[in-house]
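[1] got a structure for you, letters missing:
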């Protein structure tokens, strides 16, 4: 067997201490790397939660939009029904206006005859006056004859 000198033991001790320090440094470096990885994982998890929150918000917005679209469709149906009713009423009014136009034409024709009727009535008035005068004269003559004859 070989004998170990104190120098050899000292060198061996220094080698062991240096090896331990190197291992500790590497372990510290690994721990720092692990902490960095954990920090990054936490950051990724927070990002994932933020993305999930945004997706939930987008889904809620989409549902609100779908509800609004449904309401708009219902309102359009109501408007279409109202439009159909208005069209029916317009047709009814058109028919009434056509009837009124016919009546107005009849009235215009009648109004056009008024001067002729006025002239005829004027003629009848003259004949009535003449007739009344003749009847009055006849009656007066008869009464006068009766009075004289007595």
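    Yep, that arrived. Predicted model, so just to flag it, every value in this text is computed and none were measured.
[2] In terms of secondary structure, what does the strand or helix carrying residue 47 contact?
    According to DSSP states H and E, residue 47 maps onto helix 6-149. Helix 6-149 is packed against no helix or strand, with contacts defined by 3 or more Cβ pairs under 8 Å, 6 or more residues apart in numbering; DSSP states H and E. Any C-beta I mention is one placed from the backbone N, CA and C, and that applies to glycine too.
[3] Off-centre distance for that helix?
    Offset of helix 6-149 from its chain centre (Cα atoms, centre = their mean, to the nearest Å): 3 Å.
[4] confidence score at residue 127?
    We have a pLDDT of 68 for residue 127.
[5] now this structure, which segments are flagged as low pLDDT?
    For the chain, the stretches flagged by pLDDT under 70 are 1-2, 114, 117-118, 120-127, 150.
[6] how far away is residue 82 from residue 100?
    Computed with Cβ to Cβ, to the nearest Å, the distance linking residue 82 and residue 100 is 26 Å.
[7] ok, now residue 69?
    To residue 100, residue 69 is 45 Å away according to Cβ to Cβ.
[8] same question, residue 80
    Between residue 80 and residue 100 the computed distance is 30 Å (Cβ to Cβ).
[9] just residue 90 next, same as before
    For residue 90, the distance to residue 100 equals 15 Å [Cβ to Cβ].
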